[in-house]
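**Q** just the structure for this:
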Amino acid sequence: MPFNMDYIEMGKEYDRDFLSSTWGYKGRQAISRGIFTPADEDKIILFVTNIKQKLDTQYKNYFIEEGILHMEGETNHSNDQRLINSELNNDSIYLFYRDIHHTPFVYYGRVFLVDYKINTDKPSTFILATSYSLAIGLKSLSTEQNKTNFSEERFIPDKEGEKRVKVHVSYERSLKNRAKAIEIHGTTCKACGFNFNEFYGSDLARHFIEVHHITPLSKISEEQQNIDPAIDLIPLCSNCHSMIHRQRDIVMSVEELQKRINRINKK
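**A** Take a look at the predicted model:
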């Protein structure tokens, strides 16, 4: 029978015995792996545990911050490429997560791959977001940081001395605000109407868009933390975003840039 996720509720707790029975398996052995891929299905099911038993492989799995999961892949790397190509292959990834072994898993629903690092001598690393808008926001923030060198470092050592992905987002670059703005306004440039997906194809663009602060960051005080994504943030393509900030110490308004674009188009 088709593999069905409809009877599993987000936020509820489940153990593997119940899930095995629900999905028509005779025993929990069928889904005992951390990364479970049902046969002939476009689904990838993750069973992720933070604190594991001492004799188990000590994968480093944890939430970097709310909604952003750091997960290590299998030691044999058997599903690395399946995860990496999940979006291209229209595979949906679903997450069951628990803080400690021998407790039920909490179902987080569908999650989205944001970034990864393939290793050969140790498990590969995957970063996943629990909402699509959060994934888009994080991807666009990462691209902007790479382009502008806004972030001085991307990795920081953790307590064990290893390196883990650092998502350093201060209030003015709040990832949640960016995600909400994308959810509200979409991923089409509000100045010129450019859409990365339509032009470059979704396999490359993956809904990329930059997010512009209506009030310049330099004028936002440390005390001003209540940014409203509906009115304070707006999606812009890279060209329009660059032109708005083209003049030193002057930030052009989106309306003024729209007028320039319209005048040029009329000519």
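
**Q** CA only for contacts and neighbour counts going forward, please
**A** OK.

**Q** checking the nearest residue to residue 37 once chain neighbours are set aside next. Helix, strand or coil?
**A** Computed as CA to CA, 6 or more residues apart in numbering, the closest residue to residue 37 that is not its neighbour in sequence is residue 44, at 4.9 Å. What DSSP: H, G, I helix; E, B strand; the rest coil gives for residue 44 is strand.

**Q** residue 44 reaches residue 38, doesn't it?
**A** Yes - counting by CA atoms under 8 Å, residue 44 touches residue 38, with 7.3 Å between them.

**Q** more neighbours: which of the two?
**A** residue 44 (19 against 14; other CA atoms under 10 Å).

**Q** show me what contacts that one?
**A** Going by CA atoms under 8 Å, 6 or more residues apart in numbering, residue 44 touches 35, 36, 37, 38, 83, 91, 92, 93, 94.

**Q** can you list which of those residues are found in strands?
**A** The strands, defined by DSSP state E, take in 35, 36, 92, 93, 94 from those.

**Q** residues contacting the nearest residue in space to the third one that is not next to it in sequence?
**A** Spatial nearest neighbour of residue 92, chain neighbours left out: residue 43 (4.9 Å); criterion: CA to CA, 6+ apart. When contacts are counted by CA under 8 Å, 6+ apart, residue 43 is found next to 37, 91, 92, 93, 94.

**Q** quick check: residue 16 vs residue 133, distance?
**A** 29 Å (CA to CA, to the nearest Å).

**Q** more neighbours: which of the two?
**A** A direct count of neighbours by other CA under 10 Å for residue 16 and residue 133 places residue 133 higher, at 23 against 18.

**Q** now do the helices in the chain.
**A** All helices of the chain, identified by DSSP state H, fall at 16-22, 80-84, 132-148, 175-185, 196-200, 202-205, 229-232, 238-244, 254-266.

**Q** just the CA atoms of the last one, as PDB, please.
**A** Which is helix 254-266. Backbone C-alpha positions of helix 254-266 (Å, rounded to 0.1, in the frame of the first residue of the first chain) are rendered in PDB as follows:
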ATOM      1  CA  VAL A 254      12.200  51.500  -3.500                       C
ATOM      2  CA  GLU A 255       9.600  54.000  -5.000                       C
ATOM      3  CA  GLU A 256      12.400  56.100  -6.500                       C
ATOM      4  CA  LEU A 257      14.100  53.100  -8.000                       C
ATOM      5  CA  GLN A 258      10.700  52.000  -9.500                       C
ATOM      6  CA  LYS A 259      10.300  55.400 -11.100                       C
ATOM      7  CA  ARG A 260      13.800  55.200 -12.600                       C
ATOM      8  CA  ILE A 261      13.000  51.700 -14.000                       C
ATOM      9  CA  ASN A 262       9.600  52.900 -15.400                       C
ATOM     10  CA  ARG A 263      11.300  55.900 -17.100                       C
ATOM     11  CA  ILE A 264      13.900  53.700 -18.700                       C
ATOM     12  CA  ASN A 265      11.300  51.200 -19.800                       C
ATOM     13  CA  LYS A 266       9.200  53.900 -21.500                       C
END
